[in-house]
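K.L.:
Here is a sequence with its predicted model. Questions after.
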Amino acid sequence: PSSDEPQITSEETLEALKIASHRLVDLAQTVVFPTETVYGLGALALDATAAAKIFATKGRPPDNPLIVHVSSFNMLRSLLPPGYIIPKAYEALMKHFWPGALTLLFPRNPDIIPTIITAGQSSVAIRMPSHPVARALIATARAPLAAPSANTSGKPSPTRLDHVHRDLDGKVSLILDGGACGVGLESTVVDGLHADGNIRVLRPGGITVEDLQRVLREEFHDIANKPKVLVHKRDYADEQLESAPTTPGMKYRHYSPSVPVTLLLTLPSLSGSQPAVKFSDYIFSLQKQQVNTENLKIGILAPTDSNLWNEIETINDVEWFRFPLGRLAEPSVIAQNLFDGLLSLERDGVHLMLIEEVVEEREGLAIMNRVQKAASDSIRIAMS
Ligand code: TXA
Ligand code: MG
């Protein structure tokens, strides 16, 4: 795609882009902008002082590297070490998924990329967003932008303007409004720099593992040694596993609203270790733990066609806050709504949230990755 071509024609948007670009480039400030995945907190990627403001604003641990956003392939090339040859698997993935929700690791060119961006890693994460405002902003600034999700570290990522307002108001100089983010989960972070030529998924995200596999199958159909897609699946509570190949950011508690979130295990389990509790008994036990006489306010996030919705109708003396996420058969819709659900229920003032698991297929893998990090515990429940 000829990605530098301006797609924005509205005078008002062009004016906003100019102001935002001025703040970024001339004042080295941070600016919040929409992307197709989540809102990003942007600053000049090649200016260490500007990038430092991102860490300060988010309260981000300094060992968690940032993604560099580009608007064109020329801009990508300008960041890479001289003479570097892009791996064939990357060529294939970029052809299909750029611009879009896929982040690729490249070798860091130490002459160009400040240490603060990569947090001392020898690789740099780069992505070309597809959101027209994001791309136009980078193109207007004529400079790559570092941008993590525009939330305080540890909080769910913002997918709507009001999420950003509630979290970062007063901490950023400017917020560009792009409406609701289409994907709703962050980009998939992929490492294809290993000598075996395989693609390692460090963070599941908007582009699914199935998508990656399909493209590599298609593009390498006549080649015996196809690159494989390797996925590191975490076990529910086993933080030990985090020492397996993963991305620095994934080791932190993350995506957590300010109230406790419990994961409801409702799918048949292979391990079968945890005995199931009747849902109504579980809620009763929560009510008993309630210290004051107020009715318990429980936020429920579950697929639109879940049995839970019938189940809660039979339970009294609880104030339910329902957030149907989308149909089970449409995990991309659930992905789009997940962070909005967590943040909306937090705003509603619930005492706790329950979120039902989904199958770890397609977007379900990334959904469960985020849900497991948001949840402080899990319980296996049986429906009546
Ligand atoms: O969709 C997205 O990726 C959003 C939008 C704004 O583009 N950005 C985002 O950034 O999610 P952030 O900072 O919240 O997450 C970046 C992830 C972290 O898990 C970080 O550890 C990983 O990418 N990462 C960045 N550079 C890396 C590197 N050189 N090696 C390994 N992981 C890296
Ligand atoms: Mg983030």
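P.N.:
Noted; the coordinates are in hand. Ligands and ions are numbered 1, 2, ... in the order given.
K.L.:
quick one, helices of the stretch 251-384 of the chain?
P.N.:
Across the stretch 251-384 of the chain, reading from the start of the chain, the helices by DSSP state H, counting those that start in this stretch fall at 279-289, 308-313, 331-348, 363-374.
K.L.:
what would these look like in TSV with distance to residue 203, mean pLDDT and mean neighbour count?
P.N.:
C-betas here are computed from N, CA, C, even on glycine. Putting the helices of the stretch 251-384 of the chain into TSV (distance: least, C-beta to C-beta, whole Å; pLDDT from 0 to 100; neighbours: other C-beta atoms under 10 Å) gives the following:
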stretch	distance to residue 203	mean pLDDT	mean neighbour count
helix 279-289	31	94	15
helix 308-313	28	96	15
helix 331-348	14	97	22
helix 363-374	7	96	22
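K.L.:
could I get these as JSON lines with distance to residue 229?
P.N.:
Shown next, in JSON lines, are these (distance: least, C-beta to C-beta, whole Å):
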{"stretch": "helix 279-289", "distance to residue 229": "36"}
{"stretch": "helix 308-313", "distance to residue 229": "33"}
{"stretch": "helix 331-348", "distance to residue 229": "18"}
{"stretch": "helix 363-374", "distance to residue 229": "11"}
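K.L.:
What helices and strands are in contact with the helix or strand hosting residue 75?
P.N.:
Secondary structure assigned from DSSP states H and E places residue 75 in helix 73-79. Identification of packing neighbours for helix 73-79 by 3 or more C-beta pairs under 8 Å, 6 or more residues apart in numbering; DSSP states H and E yields strand 123-127.
K.L.:
Okay, now the sheet partners of the strand it packs on, with direction.
P.N.:
When pairing is defined by DSSP bridges, strand 123-127 lines up against strand 67-69 (parallel), strand 102-107 (antiparallel).
K.L.:
Determine which stretch of those is the most buried.
P.N.:
When these are scored by mean count of other C-beta atoms under 10 Å, the highest mean neighbour count falls to strand 67-69 (a mean of 26).
K.L.:
hmm, that one touching ligand 2?
P.N.:
No: applying C-beta under 5 Å from the ion, one finds that strand 67-69 is not in contact with ligand 2, the shortest distance being 9.2 Å.
K.L.:
Let me see the residues that make contact with that strand.
P.N.:
Contact partners of strand 67-69, identified using C-beta atoms under 8 Å, 6 or more residues apart in numbering, comprise 35, 40, 42, 45, 79, 103, 113, 117, 124-129, 134, 138, 144-148, 187, 189.
K.L.:
And stretch 296-312, by the same measure?
P.N.:
Residues outside stretch 296-312 that contact it (C-beta under 8 Å, 6+ apart): 259, 264, 266, 279-280, 283, 286-287, 290, 317-328, 334, 338, 341-342, 345-346, 348-356, 358, 383-384.
K.L.:
rerun that using 6 Å as the cut-off
P.N.:
Contacts of stretch 296-312 from elsewhere in the structure, counted by C-beta atoms under 6 Å, 6 or more residues apart in numbering, are 279, 287, 290, 318-328, 341, 345, 350-351, 353-356, 383.
K.L.:
do the same with stretch 268-285
P.N.:
311, 315, 380-383.
K.L.:
With stretch 149-158 instead?
P.N.:
Contacts of stretch 149-158 with the rest of the structure, by C-beta under 6 Å, 6+ apart, involve 32, 38-41, 58-60, 164, 167, 255-256, 339, 342-343.
K.L.:
What is the most widely separated pair among the residues you listed?
P.N.:
Distance extremes for the contacts of stretch 149-158: the farthest pair is 32 and 256 at 20.7 Å, using C-beta to C-beta.
K.L.:
before we move on, back to that, got a winner among the contacts of stretch 149-158 for most neighbours?
P.N.:
By neighbour count, taken as other C-beta atoms under 10 Å, the most surrounded of the contacts of stretch 149-158 turns out to be residue 40 (32 neighbours).
K.L.:
OK, contacts around the closest residue to it other than its chain neighbours?
P.N.:
Excluding its sequence neighbours, the residue lying closest to residue 40 (C-beta to C-beta, 6 or more residues apart in numbering) is residue 147, at 3.3 Å. Counting by C-beta under 6 Å, 6+ apart, residue 147 touches 40-42, 69.
K.L.:
mind running it again at 10 Å?
P.N.:
Neighbouring residues of residue 147 by C-beta atoms under 10 Å, 6 or more residues apart in numbering: 30-33, 35, 38-43, 45, 54, 66-69, 127, 129, 134, 137-138.
K.L.:
and what of residue 52?
P.N.:
By C-beta under 10 Å, 6+ apart, the residues touching residue 52 are 28, 43, 62, 114, 116.
K.L.:
can I assume residue 193 is in contact with residue 202?
P.N.:
No: checked against C-beta atoms under 10 Å, the pair residue 193 and residue 202 is beyond contact range at 11.1 Å.
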